[in-house]
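Peer 1: what's the 3D shape of this:
(one chain, ligands or ions: 1)
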Amino acid sequence: MKSILLLSKKYNYFRLLAVGIIILTLIFLISVGNLNTILATAATTDEKGYDLKEVKDDVYVISSNGYNVMFLVTGEGVVVIDAPPGIGDKILTAISEVTNETIGHLIYSHSHKDHIGATHIIFQQQPDIEIVAQNETADILKMRNDPERPIPTTTFVDNTTLTIGNKTIQLTYPGPYHQRGNIFVYVPEQKFLMAVDQLTPGEVPWKHLAATPEVPALIRSYDQALAYDFDVYVPGHGETGTKEDIKIQQEYVNDLKNNSQFSLTNVNYTEATKNIDKQNNAAATEAYFNALTDICVDRMESKWKGKLNGVGVWTDEHCEKMIQSLRVD
Ligand SMILES: [Zn+2]
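Peer 2: So this is what the prediction gives:
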């Protein structure tokens, strides 16, 4: 009796072990299958070297190496916005994935080489395209005299509306939020707005406050963007966003302004420079600015840590730039 019981226990043990092995094998096979699918997808994007997304009907964003290009298929030629060196050689390939139309217009979002430095690649293949930009962008490019960034053929000062095929595209100069001549690109029928180097959804403002030459223009630009009726925001870098992304950015910059003002009100110059040789102007100025910045940084980080990517990386630059703007603008 005892030996029969032992035998049946042993039998149950082996049965459990066998079932266990079968389950583990199945889990392994399923996960390998998934992994292969993931690897296959990644390989496709890697092989192409870019990602292509239709964000609205006939409106596409090509993303590669952290940069975005937008293009619109109009029925009467493709309109492209920007040609960054990191994507330049892939723009024509990406367009050919969705249409046989050739490029009729290229719009410069601003003159910076990292966003339009591959224009010559498109220009070599389609030399009759119209290049549209704001007047100041054209002036900057004339000074640069860079064959990779051809001079715009059509310019405007405040705003212009392009009607091309079935698309109406409004271009507006809101002021130098990032650089003289930077523009908003808006398509009212499809409710999307493209603004390059104004902000990256989910991220803190870029180094030195979006590298703006004019902090008040950056501050104004959030309300200017929010005044448009749109539901997709196309940035120059990163994923597309919504009005919420602009509102968060605006709140961050408002806090920055308030905290910078708090520093200016509460830091005493004599106290902040008491250990500095009074003959050394640069050192005294630096000590004063460091004292101002430290308070602003502490107040910003205690509120914003975890709310936007990159808080803590450039907070000191943001504070210093805002403090200087409040002193002089
Ligand atoms: Zn730029």
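Peer 1: Identify the residues contacting Val232.
Peer 2: 55-56, 191-193, 240-242 (Cβ atoms under 8 Å, 6 or more residues apart in numbering). C-betas here are computed from N, CA, C, even on glycine.
Peer 1: Ignoring the adjacent residues along the chain, who's closest to whichever residue of the chain sits closest to the ion?
Peer 2: Nearest residue of the chain to the ion: His112, at 3.5 Å (Cβ to the ion). Using Cβ to Cβ, 6 or more residues apart in numbering and skipping the chain neighbours, the partner closest in space to His112 is Gln179 (6.3 Å).
Peer 1: Which residues are in contact with the one you found?
Peer 2: Here Gln179 is in contact with 110-112, 197, 211, 213 (criterion: Cβ under 8 Å, 6+ apart).
Peer 1: three-state assignment of it?
Peer 2: The three-state label given to Gln179 by DSSP: H, G, I helix; E, B strand; the rest coil is coil.
Peer 1: can you list the residues of the protein near the ion?
Peer 2: 112, 197 (Cβ under 5 Å from the ion).
Peer 1: in the chain, which helix or strand is least confident?
Peer 2: Lowest mean confidence among the helices and strands of the chain (mean pLDDT, DSSP states H and E): helix 2-48, at a mean of 54.
Peer 1: helix or strand right after it?
Peer 2: strand 51-56 (DSSP states H and E).
Peer 1: Helix, strand, or coil at the residue positioned nearest the centre of the chain?
Peer 2: Nearest residue to the geometric centre of the chain (Cα atoms, centre = their mean): His237, 2.7 Å. Secondary structure of His237, reduced to three states by three-state DSSP: coil.
Peer 1: next one: Asp146
Peer 2: Asp146 - assigned by three-state DSSP - is coil.
Peer 1: Now the residue nearest to His112, what are its backbone angles?
Peer 2: phi -160, psi 150 (degrees, to the nearest 10).
Peer 1: do Gln198 as well
Peer 2: phi -80, psi -50.
Peer 1: residues in contact with it?
Peer 2: 177-178, 182, 210, 218, 221, 225, 235.
Peer 1: Neighbour count and pLDDT for those - can I get that in JSON lines?
Peer 2: Below are these laid out as JSON lines (neighbours: other Cβ atoms under 10 Å; pLDDT from 0 to 100):
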{"residue": "Tyr177", "neighbour count": "28", "pLDDT": "98"}
{"residue": "His178", "neighbour count": "25", "pLDDT": "98"}
{"residue": "Asn182", "neighbour count": "30", "pLDDT": "98"}
{"residue": "Ala210", "neighbour count": "23", "pLDDT": "97"}
{"residue": "Leu218", "neighbour count": "25", "pLDDT": "98"}
{"residue": "Ser221", "neighbour count": "27", "pLDDT": "98"}
{"residue": "Ala225", "neighbour count": "23", "pLDDT": "98"}
{"residue": "Pro235", "neighbour count": "21", "pLDDT": "98"}
